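Trainee: Give me a 3D structure for the following:
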Amino acid sequence: MSKLAEPIIKERSPQKEEDFPLTSVPLSARKSIWSLGPLLIGFTLYSGTLFGGGLVGPNFRFFPDLFGLIVLGSLILGLYASGLGYISAKTGLSTVLMARYSFGEFGSRWVDFILGFTQIGWYAWGSALIADLLIKLAGVPQSLNWLLIVIATYLFCVTAYIGYKAMDWLSRLAVPAMIILMLWSLSIAWGDIGGYSQLQALQPAGEMGVGEALTVIVGTFISGGTQVTNWTRFASSPNTGFWATFSAFFLANGFLVFSGAFCALVYGNEDIVQVMAQQGLLFWGLGLFLLNMWTTQDNTIYAFSVAGAHMFRTSKRTLFVLGGATFALALSLGGIYEALVPYLVSLGAFIPPIGGILMADFWLYRQDGFDLERKQPNFNWAGIIAYIVASAIAYFTPGIKPINGIIAAALIYWLLSSLLNKKQTQPANRI
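Mentor: Residues are numbered from 1 along each chain as shown. So this is what the prediction gives:
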């Protein structure tokens, strides 16, 4: 088995764009955990996760029920994303590039589409949400809603247009500020509720089941976890890719789920910005929200640009940043804010099987690497059929839908690969 530390990756000549959308990331462009970690934490510190925690919180007793669910759900999400992070760091490849092998040269374009569309949908929703909150909480006239959406749409894609370095520096500034403010808010909430005994005395106000709650917790960011490879491919080693991802998805994402759940218990409101207004932190709450959204929005549009560049087999990633932002603007102005969220939540059943197939393909057949110079068959039917069946299983069966999809996809891919007798050739020149 080849190791990343060995000089087996061909160093490519400098190019205008330094984000390598169609190639492996060379060793000379790799980043340390101190660069990658803050960027991924900024990515996972997303307001939607706070809302997800708020939905779960009132339905369970704080300890051990709610606390245990958050730890378990965050652990599942963290291990899933970290598995993909390890693989991408070892190979230097993104999800969409690895999909060529498990879905086929043409079949991988479906992965481009579903991941790209999901990200552009979230970007449109985020821009509309920013405008909506500024109108409700900052007193901006409703007539300026369209202008706020335009400004948010193009402002937040600036760092994604520049690339990894700009997103890295933004995260280094934003992440500490966001964590400090969230801890400040939680300390106020702790004082308002009157301590642990009063918190434990709160009775569950809903009837959400354990499986549904875990689905919400895991589903808050599993689409982001499937595309974490866009950044972990820059990791200096597989271990760096694994632990940087785990720290972001288990600790940071779990922290936000906990914060949303805790504040929903104390104040009966799942909206963290409105909670901060109630705490007397409206100015800082809005600042938190804008920083929070920026570090997620730029990663979101960046993920869309990588998927778009792969779909059209071009290195002009920045064109898809601008094009994707413009498409998102049209969706936002068209009123998608009200209709998009339920639809995107349902994608929790359709995205995780992609990661299950990629991980199964790597550990079964690609541990020695991928041959980027050898064109793959147009369709890998084992991957395509496994994806369709696993998505149906995840969507229609009870339990934790993302986990059902991941496990089913991996098992079905393994079985079909054997039954269809798809001989997996090992490349002579691996990365």
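Trainee: Contacts only, for the residue nearest to Phe362 when sequence neighbours are not counted.
Mentor: Using CB to CB, 6 or more residues apart in numbering and skipping the chain neighbours, the partner closest in space to Phe362 is Ile87 (5.0 Å). The way it works is simple: take the backbone N, C-alpha and C, and place the C-beta from them, glycine included. Neighbouring residues of Ile87 by CB atoms under 8 Å, 6 or more residues apart in numbering: 98, 229, 238, 358-359, 362.
Trainee: Could you rerun that using 10 Å?
Mentor: 93, 95, 98, 229, 232-233, 238, 241-242, 355, 358-359, 361-363, 366-367 (CB atoms under 10 Å, 6 or more residues apart in numbering).
Trainee: ok, it to Ile217 distance?
Mentor: For Ile87, the distance to Ile217 equals 24 Å [CB to CB, to the nearest Å].
Trainee: now swap in Met359 and tell me
Mentor: Counting by CB to CB - Met359 and Ile217 are separated by 21 Å.
Trainee: The two - which one has more neighbours?
Mentor: Each of Met359 and Ile217 has its neighbours counted (other CB atoms under 10 Å); Ile217 has more, 30 against 21.
Trainee: So the more buried one is in contact with Phe67, correct?
Mentor: No - if you go by CB atoms under 10 Å, Ile217 and Phe67 don't touch, sitting 11.8 Å apart.
Trainee: what's the overlap in contacts for those two?
Mentor: Ala261.
Trainee: Which of the three states applies to Pro377?
Mentor: coil (DSSP: H, G, I helix; E, B strand; the rest coil).
Trainee: That one: what's it in contact with?
Mentor: Counting by CB under 10 Å, 6+ apart, Pro377 makes contact with 100-101, 104-107, 422.
Trainee: Secondary structure element holding the residue nearest to Phe362?
Mentor: Per DSSP states H and E: Ile87 is located in helix 67-91.
Trainee: could you point out which element follows that helix?
Mentor: Using DSSP H and E, the helix or strand that follows helix 67-91 in sequence is helix 95-103.
Trainee: now the angle from that following helix to helix 67-91?
Mentor: Helix 95-103 runs at 80 degrees relative to helix 67-91, counting by axes from the mean of the first three to the mean of the last three CA atoms, to 10 degrees.
Trainee: Summarise which helices and strands helix 95-103 is packed against.
Mentor: If you count contacts as 3 or more CB pairs under 10 Å, 6 or more residues apart in numbering; DSSP states H and E, helix 95-103 packs onto helix 67-91, helix 108-138, helix 229-232, helix 282-311, helix 352-361, helix 381-396, helix 401-419.
Trainee: Now with 6 Å, please.
Mentor: Identification of packing neighbours for helix 95-103 by 3 or more CB pairs under 6 Å, 6 or more residues apart in numbering; DSSP states H and E yields helix 108-138, helix 352-361.
Trainee: Just name the most buried of the ones you listed.
Mentor: helix 352-361 (a mean of 27; mean count of other CB atoms under 10 Å).
Trainee: How about residues contacting that helix?
Mentor: Outside helix 352-361, the residues that touch it by CB atoms under 6 Å, 6 or more residues apart in numbering are 83-84, 98, 102, 111, 222, 226, 383, 386-387, 390-391, 402, 405-406, 409-410, 413-414.
Trainee: CA atoms only: put that helix into CSV for me.
Mentor: Taking Å, rounded to 0.1, in the frame of the first residue of the first chain, the C-alpha atoms of helix 352-361 are listed here in CSV:
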residue,chain,number,x,y,z
PRO,A,352,-25.6,9.9,2.5
PRO,A,353,-25.7,6.8,0.2
ILE,A,354,-23.1,8.6,-2.0
GLY,A,355,-20.7,8.6,0.9
GLY,A,356,-21.4,5.0,1.7
ILE,A,357,-20.6,3.9,-1.8
LEU,A,358,-17.4,6.0,-2.0
MET,A,359,-16.1,4.6,1.2
ALA,A,360,-17.0,1.0,0.2
ASP,A,361,-15.3,1.5,-3.2
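Trainee: average pLDDT across that helix?
Mentor: Taken as a whole, helix 352-361 has an average pLDDT of 94.
Trainee: Count residues in the vicinity of Thr44, would you?
Mentor: Using other CB under 10 Å, Thr44 has 30 neighbouring residues.
Trainee: State the distance from the residue nearest to Phe362 to Ser102.
Mentor: 12 Å.
Trainee: Equivalent analysis for Ala235, please.
Mentor: 21 Å.
Trainee: Is Val228 in contact with Ser88, as I believe?
Mentor: No - using CB atoms under 6 Å as the test, Val228 is too far from Ser88 to be in contact (7.6 Å).
Trainee: For the nearest residue to Pro21 once chain neighbours are set aside, which residues are in contact?
Mentor: The shortest distance from Pro21 to any non-neighbouring residue, by CB to CB, 6+ apart, is to Ala309 (3.8 Å). The contact partners of Ala309, taken as CB under 6 Å, 6+ apart, are 21, 317, 320.
Trainee: And the last one, how far from Ala166?
Mentor: So the one you mean is Phe320. Counting by CB to CB - Phe320 and Ala166 are separated by 16 Å.
Trainee: out of those two, which sits in the busier spot?
Mentor: Taking other CB under 10 Å, Phe320 and Ala166 do not tie; Phe320 has more neighbours (26 against 15).
Trainee: Which helix or strand contains the more buried one?
Mentor: helix 317-333.
Trainee: starting at the chain centroid, how far to that helix?
Mentor: Centroid displacement of helix 317-333 relative to its chain, using CA atoms, centre = their mean, to the nearest Å, is 19 Å.
Trainee: Turn the contacts of Pro377 into TSV, columns for pLDDT and distance to Leu181.
Mentor: Formatted as TSV, the contacts of Pro377 follow (pLDDT from 0 to 100; distance: CB to CB, whole Å):
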residue	pLDDT	distance to Leu181
Arg100	91	42
Tyr101	92	43
Gly104	92	46
Glu105	90	47
Phe106	91	47
Gly107	91	44
Lys422	50	52
